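Visitor: build the 3D model from these lines:
(one chain, ligands or ions: 1)
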Amino acid sequence: MTSPTTQPQSHVVQFGSKTIEFELVFEDRRLLKIDVHPNDRVVAHVPEGKTLDAVGERVRKRAVWILRQLDYFEQFQPLPPSKQYVSGETHYYLGRQYRLKVIEDRNQRVKLIGRYLHAFVSDPSDKGKVAERLQLWHRQHARRIFAQRTEQCFAKLKNEGVPFPEVKLRRMPTRWGSYSRPGTILLNPELIKTPLYCIEYVIMHELCHLKHPNHGRGFYRLLTRCMPDWERRKSRLELAIL
Ligand SMILES: [Zn+2]
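Guide: From the prediction side, this is the model:
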């Protein structure tokens, strides 16, 4: 092991529509190594003397692998820190409260039964595993329900001449949804814990960006026409507990 000789610096390379941000750490080593960490960090460990261009080239060559790693880690983080993942705890789904029941079972799965969210796991004391199961379950439902609602909301835009977007799940620490590039909207899977009419509001908001990328007057005019009560839904969302 050698210690880095400089502070990590952040750099970016463009790969198709994706931007990969990476840190550069110069080390006394022979070969360039790229690591992807669970907290969304891409670190290039670089031998002294390599140029930034050469490193960027390597990052681009490994872009498919890097993006796959980031995608994989993305689905497991960040966990709401306040949760303990033990029986009796309150968890949310579509704005309703459910009591968590952690049950030992080799056939691992999550099931909603009445007012209870049953998590069947092989080791109930492993909170990380319980959390992971619940996240996967929430994501599955998020994917299904967001797709349905996007179709319904999109029907309101059918005369606007915009193409049906790709919907992607993306955990974002401070946002419910985002419109980042033409034809794609990002939705935070955590949104599945809020009421359906809040989910619809976020989807409608992002869909209106297909026509108006910025929050100008045209944007709000369209949003109000498609969803006259959007402000009420937005206020409710701001009170959401996860
Ligand atoms: Zn917006």
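Visitor: SS state for Ser178?
Guide: What DSSP: H, G, I helix; E, B strand; the rest coil gives for Ser178 is strand.
Visitor: how far out from the middle of the chain is the top helix by length along the chain?
Guide: With secondary structure taken from DSSP state H, the chain has its longest helix at helix 127-154. Averaging C-alpha positions (Cα atoms, centre = their mean, to the nearest Å) puts helix 127-154 11 Å from its chain's average.
Visitor: which parts of it are buried?
Guide: For helix 127-154, burial by neighbour count (16 or more other Cβ atoms under 10 Å) applies to 127, 129-135, 137-139, 141-143, 145-146, 149-150, 153-154. C-beta coordinates here come from the backbone N, C-alpha and C atoms, glycine included.
Visitor: same thing with stretch 24-43?
Guide: Residues 24-27, 32, 34, 36, 42-43 are the ones in stretch 24-43 that count as buried (16+ other Cβ under 10 Å).
Visitor: in PDB, list the C-alpha atoms belonging to that stretch.
Guide: Output of stretch 24-43 as PDB, limited to C-alpha atoms (Å, rounded to 0.1, in the frame of the first residue of the first chain):
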ATOM      1  CA  LEU A  24      -7.800  11.300  -9.600                       C
ATOM      2  CA  VAL A  25      -5.300  10.000  -7.100                       C
ATOM      3  CA  PHE A  26      -1.700   9.900  -8.100                       C
ATOM      4  CA  GLU A  27       0.100   7.000  -6.400                       C
ATOM      5  CA  ASP A  28       3.400   5.300  -6.600                       C
ATOM      6  CA  ARG A  29       2.100   2.400  -8.600                       C
ATOM      7  CA  ARG A  30       2.700   0.700 -11.900                       C
ATOM      8  CA  LEU A  31      -0.800   0.200 -13.300                       C
ATOM      9  CA  LEU A  32      -3.800   2.500 -13.500                       C
ATOM     10  CA  LYS A  33      -6.700   1.100 -11.400                       C
ATOM     11  CA  ILE A  34     -10.300   2.300 -11.400                       C
ATOM     12  CA  ASP A  35     -12.500   1.700  -8.400                       C
ATOM     13  CA  VAL A  36     -16.200   2.300  -8.000                       C
ATOM     14  CA  HIS A  37     -17.400   2.800  -4.400                       C
ATOM     15  CA  PRO A  38     -20.900   2.400  -3.100                       C
ATOM     16  CA  ASN A  39     -21.300   6.100  -2.300                       C
ATOM     17  CA  ASP A  40     -21.200   7.000  -6.000                       C
ATOM     18  CA  ARG A  41     -17.500   7.700  -6.100                       C
ATOM     19  CA  VAL A  42     -15.300   6.700  -9.000                       C
ATOM     20  CA  VAL A  43     -11.700   6.800  -8.200                       C
END
